[in-house]
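Engineer: Model the following, please.
(chains A and B)
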Amino acid sequence: MFASMSTATAVTGSAAAASAPIIEARRLEKFYRGPDGSRIQVIAPTDLAIYPGQIIAVLGPSGAGKSTLLRMLTGLSPASGGGVYWHGQPVQGETPSVAIVFQSFALFPWLTVLENVEAPLEARGMAPIERHKRALRIIDAVGLDGFESAYPKELSGGMKQRVGVARALVVEPEVLFMDEPFSALDVLTAETLRGELLELWLERKIPTRAIFIVTHNIEEAVVLADRVIVLGRNPAHIHADFTVGLAHPRDRKAPAFVALVDEIYRVLTRPDDHSRVAAPRDSATGTATPKPVMLPHTRPGGMAGLLEILADHGGRVDLHNLADELGLEVDALLPTVDTARLLDLLKLEEGDAIITQEGLDFAKGDIQERKAIFRKGALANVPLLRQMEQALRSKADRTLPDEFFRDLLEEHFSEEESRRQLETAIQWGRYAEIFDYDAATGKLTLTEA
Amino acid sequence: MPTQALAERRQPATPIPPSGVRPAGSRWSWGFLIDIAIFLFVFAAIYGIYALGLSWLGPPQPQAKISQDPRSLPLYVFYSLVRIGIAYGISLVFALGYGYFAASSHSAEMILVPLLDILQSIPVLSFLPGVMLAMVALFPRSQLGVELGSILLIFTGQVWNIAFSFYSSLKTIPRDLHEAARIYRFSRWQRFIELDLPFSTIGLVWNSMMSVAGGWFFLMACEMFVLGDRDFRLPGLGSFLQTAASNGNTRAIFWGVAAMIAVIVLLDQLVWRPVIAWADKFKFEQVEAAGPAQTTLLNLLGRASVVLRIYRYVLRPALNWLTVMFAVSARRAVDQLAAPRRSGTRRWLGYALGLAVLAGLGLGMYHAGRELANLHREDYFDLMRSAALTFLRVNVALVIGALWAVPVGVAIGFNARLARIAQPLAQMAASIPATALFPIILLFLIRLRGGIEIAAMALMLLGTQWYILFNVIAGAMAIPTDLKEAAHIFRFSSWDRWRYLILPGIFPYLITGMVTASGGAWNASIVAEYFHFQGHIVATAGLGSAISGASASGRFDVLLAATLIMATIVVLINRFVWRRLYRLASSRFKLES
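Structural biologist: Numbering: from 1, shown residues only, chains lettered A, B, ... in the order given. Next comes the predicted model:
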């Protein structure tokens, strides 16, 4: 059975011929209108089909739009363009016959475990006796027997997520959506739950026909999924699409497994051209302002640590191993790597990080030298900081309110993202001693050398 | 698994025996006693409804003879309790509707939320003529009209903060929970019962306590008042106290105050404490708190088989039936694939309703404008002067309140042992409505020169200082121990301690307390500046006394103008002073964990 499953999904094209997709996204996209009418693209027009018999995992750096994609496929978030189709019919509102397992569990704390699991059945107008029976059966199946009358706050994280899974499965969804279901759990619990989910799925204990799981954990994706989709950023798009042909149970130490993880890893960390290609169409003013490079949301302090470790490793290290060594998810490491790369302190080559001469100086320098290197790199490579510096210099009193820059940013980013971009830029600018910032008045003042 | 077994297990796994009660083994008989008590209570309630019916449906007696005999107090207390209870019930229903509507429609939100701000700043007496005349006209032949008028008056003092609390709770429901309710296709009803209402419960409980306390505070004004040439007196605790005060009957005053204190203490023990303990289950937390709140009464009630049975055989099936009903009808209404479309008729109905409201508003504004045009410039000048005086009084009261409440609150908040003793005492003191004590205060102050002035400020202070005190205590308790230790290690002088640690630490809490106190003090001015005492009216110039006087003399134009001025001042102060300070507090002085 395992073998047939992995071959049936080997090529999406042939799977499509075998059976029609349950849910399909056609040119599905998401964008916001900026205050000046400009278009902020969050998700590029995307085609995606969920076929029966598949577990699909979606991977991508944080903030890439994985969750937004999930919310659009389930109908929780309206599409800006294109559409979602359910068995070929266009969907408006929530997609029928789906369920979601949330990262935060999203349980109702005032309802018992049983009541939480029963609630979706109640919503379908099912009679109490029938409801009870079905809920108890599924509670038993996920291993919550004996906890029916407990309240969620009495449960551990793993038990809570079991309730989340039971609540999702009790409606017997065709497609089970999972939004980073195991990332709020400790490593061991997450592993246990993964195994249990696979068991339910592989032994056909649940009528669910497909699972769509959003995650940032590469190994999790490879352990579970038949198909792994890697999203790229700015705007989100399908960057790569892998078919996993390994038989269950999968051995994490097996060469094929390790090779696939490494391959996905390389794709995930490969510089993504899209971010620089997507030039804004500023039709309103006609002036082509270059789209600012999106700043990774990091603090300068963390980067120093990374560079020191790199220097200690002789200047070149495999990021995957490094993350392992530090006990971090790769996802947690990426923003810091991005920052260092942006400032030309390191380079990426096939999943390896290589320190540059500036990076080496930075790692070895004292705090003042580091600031100088940071400042040089920032002014050379971060257009936003350069712009801010020039704008402040052009003023007689060398002072501007932060709103001025936020307005500039809002031409390119959503309101929320603009706020975060400015916050990060201010962090960096302060560290680099480009300007001072007074949070109470919101005023930026150029630092005079 | 049978339903009963599950329902049973909802009770705390290991019931804590109530202290001072016979040890385990007698649990069943104790439950039985509670059952008997509940039955007795039901019989008493039936008799009470009968008595109420006799009086309310009888011929109108706008000027009931108010007895001064302490023996009539139990009945009077009952009447007042029923009025406050019904007013609170209407408030709750109205507030839920208002809050729900404001939170669910964006266009409604833009009007309803600022409107709440304004309505909250209008003192009860300003509603008096409209409410009273309408109700009396509606039921000209029975006492019901007068009673309803009084109840609605209490309602206008209770409803707004509950509505606001519900609205802001709804707006803060986490996105995930909303999405879960949507993806599992909860009907509106199920969402309301299983998500909206539980999430808002704690806020609703605290605001209900505040509202009911407000009901007691304005009870005297709501049970006995003059409206132009008509004199309204309803039998009740408020009118008892009011009559005693205006007759100068010291003995009756003391009896009345004692009865009120007794009622409030009983209510606190029998209603609010169990309700707060019960509401603990609705705390939105992911882990269990160290010591869950418990009260003896809640345990006893939970053990009484009557309550359990009512829940199991009446309440739960009823709720179940409703949920299923709504689920089925929602399913029928919504096609599986189509989004719930707004039907054309519904949209037109909305437009028509909006138009009607606008027309009503226009008409109201026109008439109000004509009333206001009646007034002379001198009248407005007078009102402005009164407003200035009340402004001064309110702020002096606030400053005095802050001056004593800050050091005392910090002392209590920093000292756990002191807090254990002082906090219940302060809560008790706070729950006694200052208006009830006011006649006693007046007895002493009336002989002094400027005594009325002091008395007016004293009443504002008594009514509002508690908000400051309780918030300061909470703020002082919230200052992290490591900050206190740092201040100690670096040998801060006591001035530096206040400047760098305590004042910034309690600032957000202090502001919250001051906002509530300020609004309360403005509202209290209507009873603080104008009072019947020993056979005549004791009044001092001010906006509150202008409102009370205008209402009593039937000068509706003055009443309208004064109300407008007060609402404007309160809203402006909120906008330009408190909200700014609040923003500062939540940005700069927020202690992040």
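Engineer: Dump stretch A:254-267 to PDB, restricted to CA.
Structural biologist: C-alpha atoms of stretch A:254-267 as PDB (Å, rounded to 0.1, in the frame of the first residue of the first chain):
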ATOM      1  CA  ALA A 254      18.300   7.000   5.300                       C
ATOM      2  CA  PRO A 255      20.500   8.600   2.600                       C
ATOM      3  CA  ALA A 256      17.600   9.300   0.300                       C
ATOM      4  CA  PHE A 257      15.800  11.100   3.100                       C
ATOM      5  CA  VAL A 258      18.900  13.200   4.000                       C
ATOM      6  CA  ALA A 259      19.500  14.000   0.400                       C
ATOM      7  CA  LEU A 260      16.000  15.300  -0.100                       C
ATOM      8  CA  VAL A 261      16.200  17.400   3.000                       C
ATOM      9  CA  ASP A 262      19.400  18.900   1.800                       C
ATOM     10  CA  GLU A 263      18.000  19.500  -1.600                       C
ATOM     11  CA  ILE A 264      14.900  21.300  -0.200                       C
ATOM     12  CA  TYR A 265      17.200  23.200   2.200                       C
ATOM     13  CA  ARG A 266      19.300  24.500  -0.700                       C
ATOM     14  CA  VAL A 267      16.200  25.600  -2.500                       C
END
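Engineer: ranges for the strands of the stretch 251-400 of chain A?
Structural biologist: Listed in chain order, the strands of the stretch 251-400 of chain A (DSSP state E, counting those that start in this stretch) span A:316-318, A:346-349, A:352-355, A:399-401.
Engineer: who does the first one pair up with?
Structural biologist: The pairing partners recorded for strand A:316-318 under DSSP bridges are strand A:352-355 (antiparallel).
Engineer: want to throw the strands of the stretch 251-400 of chain A into a markdown table with mean pLDDT?
Structural biologist: Shown next, in a markdown table, are those (pLDDT from 0 to 100):
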| stretch | mean pLDDT |
| --- | --- |
| strand A:316-318 | 85 |
| strand A:346-349 | 84 |
| strand A:352-355 | 86 |
| strand A:399-401 | 89 |
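Engineer: Quick check: which of the ones you listed is buried the most?
Structural biologist: Ranked by mean neighbour count under mean count of other C-beta atoms under 10 Å in any protein chain shown, those are led by strand A:352-355, which reaches a mean of 20. (C-beta placed from N, C-alpha, C; glycine too.)
Engineer: quick one: contacts of it?
Structural biologist: Strand A:352-355 is contacted by residues A:307, A:310-311, A:315-319, A:322, A:337, A:340, A:345-348, A:363 when judged by C-beta atoms under 8 Å, 6 or more residues apart in numbering or on different chains.
Engineer: change it to 6 Å
Structural biologist: Strand A:352-355 is contacted by residues A:310, A:315-319, A:346-347 when judged by C-beta atoms under 6 Å, 6 or more residues apart in numbering or on different chains.
Engineer: picking that back up, could you dump the strands of the stretch 251-400 of chain A to CSV with distance to A:G63?
Structural biologist: Formatted as CSV, these follow (distance: least, C-beta to C-beta, whole Å):
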stretch, distance to A:G63
strand A:316-318, 24
strand A:346-349, 19
strand A:352-355, 21
strand A:399-401, 27
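Engineer: Identify whichever of these lies nearest to A:D438.
Structural biologist: Among those, the nearest to A:D438 by C-beta to C-beta is strand A:399-401 (9.3 Å).
Engineer: contacts for the closest one?
Structural biologist: Here strand A:399-401 makes contact (C-beta under 6 Å, 6+ apart) with A:392, A:442-445.
Engineer: Is there contact, residue-wise, from the helix or strand just after it to chain B?
Structural biologist: Tracing the chain C-terminally past strand A:399-401 and defining elements by DSSP states H and E, one meets helix A:402-409 next. No - Helix A:402-409 is not in contact with chain B by C-beta under 6 Å from any C-beta of the partner chain; minimum separation 13.1 Å.
Engineer: How about helix A:402-409, which residues are buried there?
Structural biologist: Of all the residues in helix A:402-409, those buried under the rule 16 or more other C-beta atoms under 10 Å in any protein chain shown are A:402, A:405-406, A:408-409.
Engineer: So B:F232 lies in a helix, does it not?
Structural biologist: No - the assignment for B:F232 by DSSP: H, G, I helix; E, B strand; the rest coil gives strand, which leaves it out of any helix.
Engineer: Tell me how far it lies from chain A.
Structural biologist: With distances taken as C-beta to the nearest C-beta, to the nearest Å, B:F232 is found 44 Å from chain A.
Engineer: Tell me the spacing between that residue and B:V146.
Structural biologist: Distance from B:F232 to B:V146, counting by C-beta to C-beta, to the nearest Å: 6 Å.
Engineer: which stretches of chain A have low pLDDT?
Structural biologist: Where chain A drops to pLDDT under 70, the residues are A:1-18, A:34-37, A:271-292, A:330, A:449.
Engineer: Near chain B, which residues of it are found?
Structural biologist: Neighbours of chain B within chain A, by C-beta under 6 Å from any C-beta: A:76, A:89, A:92-94, A:96, A:100, A:102, A:104, A:106, A:109-110, A:120, A:122-123, A:125, A:128, A:136, A:149, A:153.
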